[in-house]
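**Q** Need the 3D shape of this:
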Amino acid sequence: MVCDKCGKEIHNKAVVCPYCHASTPNPVPNASYQPMSGFFLSFLIAPIGFFVSLVQFFRALKRKGLWLFPLFGIIISLTITITVVVLALAWGALVMELLRGAA
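**A** Numbering: from 1, shown residues only. Predicted coordinates for the structure are as follows:
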């Protein structure tokens, strides 16, 4: 295939000429979103750990037992949950910005 603007040889499926950046008659490929179920499932791990640690913490307080270990579980699971949410929001903002730039 030859570019209409600069006349150089380009790939048959090219959407834009790599030399002069002119558009070609080829259609722009459709960027479709593929859901990632494993990614969304990973959000459940830390909150489940939080609730389990919370239950164990209150059970230990009732029995006057070791409450320090469940407290560590609560702190760690909250830290992981907050980190995952912040990273997911940042990732989503980046993806949306890239999709806006591609359009």
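
**Q** contacting residues for R63?
**A** Residues near R63 by CB atoms under 8 Å, 6 or more residues apart in numbering: none. From N, CA and C alone the C-beta is placed, and that goes for glycine too.

**Q** who are the neighbours in contact with the closest residue to K5 other than its chain neighbours?
**A** In space, not counting the residues next to it along the chain, K5 is nearest to A22; the distance is 3.9 Å by CB to CB, 6 or more residues apart in numbering. A22 makes contacts with C3, D4, K5, C6, V16, as judged by CB under 8 Å, 6+ apart.

**Q** The third one and C20, how far apart?
**A** When you say that, I think you mean K5. K5 is 5 Å from C20, where distance means CB to CB, to the nearest Å.

**Q** related to what we said a few turns ago, where does the residue nearest to K5 fall, phi/psi-wise?
**A** Per-residue torsions, A22: phi -80, psi 150 (degrees, to the nearest 10).

**Q** again with A14
**A** Dihedral angles (degrees, to the nearest 10) for A14: phi -70, psi 140.

**Q** Fine by me, thanks again.
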